[in-house]
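1. Sequence and predicted model, in that order:
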Amino acid sequence: MAILVVRIEDVSTLLMNEFFDYNGRCYALTRSRKENTDVCINLEDFYEGTVQSESLEDIPVVFVKAQDGGWAVIGYYKRAEVRKKIMRPSLFLEGNIRADVREAWLFSEDERKQIFAAHFGERYYEVVEDDDARYQPLMACMTDNPGQNSLLRYDCVDIFLQSTIRNQYEACLAECERLASALMCETCTDLREIKRLEVCGRQAAVLNGREADGYYYEAMADEQLGRVRQGMKAIEKALRIEPEGADLMALKGQLLVGMGKADAAAQWFHKAWYESGDDDYLMLEGRAWLLDEKPDDALDCFKKISDKGLLDAAGINLKDMEQRWPGLTEETSTSFSK
């Protein structure tokens, strides 16, 4: 079986991207994260693949970064599913490579020394077949790894709370707010902070179950971790306490996306926008409609957004969408009641 070699754009985000434990799985891309194309790889590059192939199973994947004029091996998936097109398990996670987290290994910085001669060109991947002189050294790097795996697995991360956080609702809530802010500002560094948010949110709910905040923060962490069923239980409790909370509605929508229910998710995002008037929720609704393969409804949402900077930041061009789907009308989609 050939080895898929993937070059990494930004090694600083490895623990939140290629080596992030999302409900027991890791996801990676064979294209730049700045691109928006759904097709990510030509599977006919593999001996086993054809132009009709949509996916290949049990492919070893090696990740490399530029170093000292070559490419240093930084980690691998021992076996992975490689798909032609993108997968989106959540609104903010994507990849066309998926592996069990137990098959993933991230080398420490001191161990990233093996130099690999690659020929990527403009691509972000290269297929190395077993008759290639580079094949055996790459296979060896996946078996000869006596060091410590730097990947963090959810089940292996223990979180200990200080007594003030463990016993005082206000202190617990303040820690939740700090962690949630880091998550929303994309300054969260790894899984430990998200799991800490989950633990703190659960503790806040124990200390004061009459308020929605603890359940909300617990559900936020669960959504990020891919624990969508647990998160749905928490957000339902929050909504029973605060049924008109727009942020709660939107979080339920994100959890529904993770459950593969993009249609229902779009309706909850619409409710959140109707309640608050916040364009961010329209953006989420439009993205959900795209996941549900309803570009006309998505375009309707995007046209309602008054802050065009949101569209620019997301790489959404309304004229391009209209040209791609010329049958779209100017009519807005049906309004949803709360």
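-> Yep, that arrived. Predicted model only: the values in this text are computed from it and were never measured. Numbers count the residues shown, from 1 in each chain.
2. Can you tell me what sits against stretch 200-220?
-> Residues outside stretch 200-220 that contact it (Cβ atoms under 8 Å, 6 or more residues apart in numbering) are 161, 165-169, 172-173, 175-176, 179-180, 183, 197-198, 221, 231-232, 234-235, 237-239, 241-242, 245, 247-248, 251, 255. For glycine as for every other residue, the C-beta is placed from the backbone atoms N, C-alpha and C.
3. mind checking how far residue 214 is from residue 63?
-> The gap separating residue 214 from residue 63 is 38 Å, by Cβ to Cβ, to the nearest Å.
4. Which positions in the lengthiest strand in the chain come out as buried?
-> Identified as the longest strand of the chain according to DSSP state E is strand 70-90. Using 16 or more other Cβ atoms under 10 Å as the test for burial, strand 70-90 gives 71-84, 86-90.
5. name the helices or strands packed onto that strand?
-> Strand 70-90 sits against strand 3-7, strand 25-28, strand 55-67, strand 93-100, strand 104-106, strand 115-116, helix 135-141, helix 246-258, with contacts defined as 3 or more Cβ pairs under 8 Å, 6 or more residues apart in numbering; DSSP states H and E.
6. for stretch 289-309, which positions count as buried?
-> By neighbour count with 16+ other Cβ under 10 Å, stretch 289-309 contains the buried residues 289-292, 294-295, 297-303, 305.
7. Serialize the residues you listed to a markdown table and add fields for secondary structure.
-> Converted to a markdown table, the buried residues of stretch 289-309 look like this (DSSP: H, G, I helix; E, B strand; the rest coil):
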| residue | secondary structure |
| --- | --- |
| 289 | helix |
| 290 | helix |
| 291 | helix |
| 292 | coil |
| 294 | coil |
| 295 | helix |
| 297 | helix |
| 298 | helix |
| 299 | helix |
| 300 | helix |
| 301 | helix |
| 302 | helix |
| 303 | helix |
| 305 | coil |
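8. what would those look like in CSV with pLDDT and distance to residue 4?
-> Formatted as CSV, those follow (pLDDT from 0 to 100; distance: Cβ to Cβ, whole Å):
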residue, pLDDT, distance to residue 4
289, 95, 32
290, 92, 27
291, 92, 26
292, 92, 30
294, 93, 33
295, 90, 31
297, 93, 36
298, 93, 32
299, 92, 35
300, 92, 39
301, 93, 36
302, 93, 35
303, 92, 40
305, 93, 38
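9. Just the ones of the contacts of stretch 200-220 in helices?
-> Using DSSP state H, 165-167, 169, 172-173, 175-176, 179-180, 183, 197-198, 221, 231-232, 234-235, 237-239, 241, 247-248, 251, 255 are the members of the contacts of stretch 200-220 that sit in helices.
10. So what's the predicted local confidence for residue 112?
-> Residue-level confidence at residue 112 comes out at 85, pLDDT.
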